[in-house]
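Chemist: okay, structure incoming, though there's no sequence with it:
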């Protein structure tokens, strides 16, 4: 609080001849204080950026070199490219915004960067929807799947829809004036522009985005729920089939033993013959189990588990941000800065 009093008195007692220099100095001081408070977040984003860029490049190299790509390979490659764009352009923009919370005076960079972020998000949502459909066809229809050419077209269509639906952000995002609570000093940030703040158009853009996200989320949850029900049913059917096979083997063995008791003179030959028959029968049962679509679907369900984890992570990471942005675009003064909360940063 001593620094707060010092900055306030410093500004109020500054003479008019050096007011421009004093204003720049104080703005830089406030900017650095807020950036210092957000330093843990900045460092976390830097780590995410480095790991994301390097990891997605490795994924792109591995899956692009595959001679015969499956539908899952194409979907993974598409998600990796979208995430690579996010890590290359989106995260650096967030780092710059956090490092220059009151001095980000680059509206063109802001609007283009936010539009690109929105494009990758929209395209990722559609890709996750397409993946859920492909998983359903592959598991519930016993191996049936999209053709690789069809999957490529779906990925391109998703990217085009994401691009078109993100174009309004070129208008919505831009230069945002931030009231710092000091006369003659205002900050500039990369947010919803002053002209578009609290407008019907901005609210409509984020509402459509929320509906798009919610409908896609609901559809994906519905499809994976159907897949889960199908897997449970097939698993119970397989267990029932194995139990019936075991019961049949026990009955056959009991009947054979009774025959052995009657024909004592051939017990040795009968035992050897029966042992060989049982072994062949068990091998046939195991072979039948290996050839069933249920067992062959183990690898498919593992891939599905990976895609489900990706979907959950995407929902958890993006939905809170979308809800906050809708509130930010509709509720007035939700981010209003006052001298008290601006200077409270000095206490941390």
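Modeler: Perfect, I can see it now. What you see is a predicted model, and the numbers here were worked out from it, not measured in a lab. Numbers count the residues shown, from 1 in each chain.

Chemist: relative to residue 48, how far out is the closest residue in space to residue 72 that isn't next to it in sequence?
Modeler: Among residues not flanking residue 72 along the chain, residue 303 sits closest, at 5.4 Å (C-beta to C-beta, 6 or more residues apart in numbering). Backbone N, C-alpha and C define where each C-beta goes, glycine included. Applying C-beta to C-beta, to the nearest Å, the value for residue 303 to residue 48 is 25 Å.

Chemist: more crowded one of those two?
Modeler: Neighbours per residue (other C-beta atoms under 10 Å) separate residue 303 from residue 48, with residue 303 holding more: 19 against 15.

Chemist: strands of the stretch 101-250 of the chain, residue ranges please.
Modeler: 173-182, 185-192 (DSSP state E, counting those that start in this stretch).

Chemist: most tightly packed of these?
Modeler: Stretch with highest mean neighbour count among those: strand 185-192 (a mean of 20; mean count of other C-beta atoms under 10 Å).

Chemist: in this structure, which spans are helices?
Modeler: For the chain, the helices defined by DSSP state H occupy 2-12, 19-37, 39-64, 71-85, 91-99, 107-140, 148-166, 169-172, 200-262, 267-291, 293-296, 298-330, 339-343.

Chemist: what about the stretch 51-200 of the chain, any weak spots by pLDDT?
Modeler: 142-144 (pLDDT under 70).

Chemist: residue contacts, residue 49?
Modeler: Residues near residue 49 by C-beta atoms under 8 Å, 6 or more residues apart in numbering: 87, 91-92, 95.

Chemist: return the per-residue confidence for it.
Modeler: Residue 49 is assigned 91 on the pLDDT scale.

Chemist: over to residue 27?
Modeler: Listed pLDDT for residue 27 reads 85.

Chemist: my read: it touches residue 101, true?
Modeler: No. With contacts counted by C-beta atoms under 8 Å, residue 27 stays clear of residue 101, the gap being 10.8 Å.

Chemist: quick check: neighbours shared by these two?
Modeler: Joint contacts of residue 27 and residue 101 (C-beta under 8 Å, 6+ apart) are residue 187.

Chemist: which of those two has more neighbours?
Modeler: More neighbours surround residue 101 than the other of residue 27 and residue 101, with 22 against 18 (other C-beta under 10 Å).

Chemist: now the more buried one: phi and psi?
Modeler: phi -60, psi -30 (degrees, to the nearest 10).

Chemist: and for the one 3 residues further on?
Modeler: The phi/psi pair for residue 104 (degrees, to the nearest 10) reads phi -90, psi 80.

Chemist: which residues touch the nearest residue to it once chain neighbours are set aside?
Modeler: Once flanking residues are discounted, residue 104 sits nearest to residue 190: 4.7 Å by C-beta to C-beta, 6+ apart. Shown in contact with residue 190 (C-beta under 8 Å, 6+ apart): 93, 96-97, 104, 106-107, 109-110, 113-114, 173-176.

Chemist: ok, residue 190 to residue 97 distance?
Modeler: Residue 190 is 5 Å from residue 97, by C-beta to C-beta.

Chemist: now list whatever residues contact both of these two.
Modeler: Joint contacts of residue 190 and residue 97 (C-beta under 8 Å, 6+ apart) are 104, 110.

Chemist: what about residue 137, how many residues close to it?
Modeler: Neighbours of residue 137 under the rule other C-beta under 10 Å: 15.

Chemist: my bad, residue 164
Modeler: Residue 164: 11 neighbours (other C-beta under 10 Å).

Chemist: residue 63 versus that one, what's the distance?
Modeler: 27 Å.

Chemist: try residue 139
Modeler: Taking C-beta to C-beta, one finds residue 139 at 21 Å from residue 63.

Chemist: between these two, which is the more surrounded one?
Modeler: Per other C-beta under 10 Å, whichever of residue 139 and residue 63 has more neighbours is residue 139, with 23 against 19.

Chemist: the more buried one contacts residue 227, correct?
Modeler: Yes. Between residue 139 and residue 227 there is a contact at 5.5 Å, judged by C-beta under 8 Å.

Chemist: overlap in contacts of the two?
Modeler: Common contacts of residue 139 and residue 227 (C-beta under 8 Å, 6+ apart): residue 304.

Chemist: so what's the backbone phi/psi at residue 65?
Modeler: Per-residue torsions, residue 65: phi -90, psi -10 (degrees, to the nearest 10).

Chemist: for it, what are its contacts?
Modeler: The contact partners of residue 65, taken as C-beta under 8 Å, 6+ apart, number zero.

Chemist: same deal with residue 107?
Modeler: Counting by C-beta under 8 Å, 6+ apart, residue 107 touches 174-175, 190, 193.

Chemist: got those as JSON lines, with distance to residue 313 columns?
Modeler: Formatted as JSON lines, these follow (distance: C-beta to C-beta, whole Å):
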{"residue": "174", "distance to residue 313": "30"}
{"residue": "175", "distance to residue 313": "33"}
{"residue": "190", "distance to residue 313": "25"}
{"residue": "193", "distance to residue 313": "31"}
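
Chemist: what is the nearest of these to residue 40?
Modeler: Nearest to residue 40, judged by C-beta to C-beta, of the contacts of residue 107 is residue 190 at 20.1 Å.

Chemist: beta partners of that closest one?
Modeler: When bridges are called by DSSP bridges, residue 190 pairs up with residue 175.
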